[in-house]
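Peer 1: Any chance you could fold what I've pasted below:
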Amino acid sequence: MIMLIKSGIKATHLFITLLIAIQAMFFCQLSTAAPVQMSGFFSTGITDANADNTILRNNQIENKTNYLADTVFGLQLWTLLSKEARFSAQLIALDKNNSFDVEAEWLFVSHQVSSNIELRAGRLRLPTYLVSETILVGQSYDWVRPPMELLTLTGGLNRYNGFSSIYKYNIGSASVEAELYIGQMKDSVKLEGFPTKLNSKQMYGGQLSYSTDNFVIRASQMDAKVLYNIPSLGIELESPISVKVVGMQFNRANAGGSWEWGTLQGNRGDLRALYASLFYTLDRWTPIFTYGASNTDSNWGTANYKGETITLGCRYDFSETHSLKAQVLRGELIDSIALIFTPPATGFDDKITVYSLSLNMVF
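Peer 2: The predicted structure follows:
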């Protein structure tokens, strides 16, 4: 009964917070006569794993049936403040440290200095990966979730507080984009399965991308000095990190794929990770194959660690806004963030199988 009451309180808190946010945006519309645009997304699913690996726990996946790992609800709102300025927000609710509280994934003001240059300030999205802009929107990609090998390079962090400048230039039908940013990451995440407070004293980086209608290539880099605090273990450690990622995405007719390679350099070792995915669409069905690999050079003696995964999945689109996805992941996984604190535990490379099913929609 107590658990039901607590769940009801959290659900009520979610509803009230979202309602207040919507009312605030519409009040802004009434007071400024600026149009308010709103969209949303929702994903939920079922996962089951046969092992209790740290990288799985960091992704809220356990060695038992789980209904929360891929459940997320989001609202995106934006409005013009002037001819050149815009306010944007993305409010999300997902399971984080056993809580479904609402958070602002991004919340910023942008100013269009010229037709090519845009400045942003506030809570912003880290432009690290090909899917960074839509990383929480399950409807936007064919996996149940993006490959874990690469995403663990940033410890699950997708946002920062600070400033960015974006330069865009068109070359015929192609587009070139360059972004530089500086700021601070301050968040609560799970590392090695333990709630962790993370604070970067300094952080800066950028990305450069080239895109056409059916091809994208991107390179990014992020450098930071990060303070990790794990109260339950009594660990407080400062570590410089450098994350570099290169990726490519293509599609032609019904076929396509993506590939990304990244590296994390820290004071306890370096990790290299990659994945390659191929898909082919047959009417409403899209089978997808993904290979993932990671290789770690540790500073603990001569220890080196490797991991490999193969994922088979399929997506069925009910419409342009609704889809059902299923996949099976099989292989070995290592947790790159674990290298910052301790060597991987004995048996970390046990064979792992993860079954996942998800329902996704946008509105």
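
Peer 1: where exactly do the helices run in the stretch 201-350 of the chain?
Peer 2: Ranges of helices in the stretch 201-350 of the chain, per DSSP state H, counting those that start in this stretch, are 338-341.

Peer 1: Could you tell me the end-to-end distance of stretch 276-293?
Peer 2: Counting by Cα to Cα, to the nearest Å, you get 9 Å between the two ends of stretch 276-293.

Peer 1: For that stretch, the averaged confidence score.
Peer 2: Averaging pLDDT along stretch 276-293 yields 97.

Peer 1: What helix or strand is Lys168 located in?
Peer 2: Using DSSP states H and E, Lys168 sits in strand 159-171.

Peer 1: Sheet partners, orientation included, of the helix or strand just after that strand?
Peer 2: Counting by DSSP H and E, the next helix or strand C-terminal to strand 159-171 is strand 174-184. Partners of strand 174-184 in the sheet, by DSSP bridges, are strand 159-171 (antiparallel), strand 194-211 (antiparallel).

Peer 1: Just send these back as TSV, with mean neighbour count too.
Peer 2: Using the backbone N, CA and C atoms, a C-beta is placed for each residue, glycine as well. Listed next are the strands paired with strand 174-184 as TSV, based on neighbours: other Cβ atoms under 10 Å:
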stretch	mean neighbour count
strand 159-171	16
strand 194-211	17
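
Peer 1: Tell me, how many residues neighbour Ser88?
Peer 2: 17 (other Cβ atoms under 10 Å).

Peer 1: residue contacts, the residue most central in space within the chain?
Peer 2: Centroid check for the chain by Cα atoms, centre = their mean gives Ile135 as the closest residue, at 4.3 Å. Shown in contact with Ile135 (Cβ atoms under 8 Å, 6 or more residues apart in numbering): Tyr129, Pro146, Leu151, Asn158.

Peer 1: Report the separation between Leu274 and Lys244.
Peer 2: From Leu274 over to Lys244 the distance is 12 Å, taken as Cβ to Cβ, to the nearest Å.

Peer 1: list residues touching both of these two?
Peer 2: The contact sets of Leu274 and Lys244 overlap at Gly262 (Cβ under 8 Å, 6+ apart).

Peer 1: all strands for the stretch 201-350 of the chain, in order.
Peer 2: Listed in chain order, the strands of the stretch 201-350 of the chain (DSSP state E, counting those that start in this stretch) span 215-230, 235-252, 255-266, 269-280, 285-298, 304-317, 322-331.

Peer 1: Just the buried positions in the fourth one, please.
Peer 2: Using 16 or more other Cβ atoms under 10 Å as the test for burial, strand 269-280 gives Gly269, Asp270, Leu271, Arg272, Ala273, Leu274, Tyr275, Ala276, Ser277, Phe279.

Peer 1: Val362 contacts Gln139, doesn't it?
Peer 2: Yes. Under the criterion of Cβ atoms under 8 Å, Val362 makes contact with Gln139 at 4.7 Å.

Peer 1: where do the contact lists of the two overlap?
Peer 2: Shared contacts of Val362 and Gln139, defined by Cβ under 8 Å, 6+ apart, comprise Phe41, Thr321.

Peer 1: residues contacting Glu149?
Peer 2: So Glu149 contacts Ala273, Leu274, Tyr275, Gly292, Ala293, Ser294, Gly307, Thr309, Leu333 (Cβ under 8 Å, 6+ apart).

Peer 1: Now name the helix or strand holding it.
Peer 2: Counting by DSSP H and E, Glu149 is found in helix 148-151.

Peer 1: Just the CA coordinates for that helix, please, in PDB.
Peer 2: Only the C-alpha atoms of helix 148-151 are listed here, as PDB (Å, rounded to 0.1, in the frame of the first residue of the first chain):
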ATOM      1  CA  MET A 148      26.000   0.800 -25.300                       C
ATOM      2  CA  GLU A 149      29.700   0.400 -26.200                       C
ATOM      3  CA  LEU A 150      30.000   3.900 -27.500                       C
ATOM      4  CA  LEU A 151      27.500   5.700 -25.300                       C
END
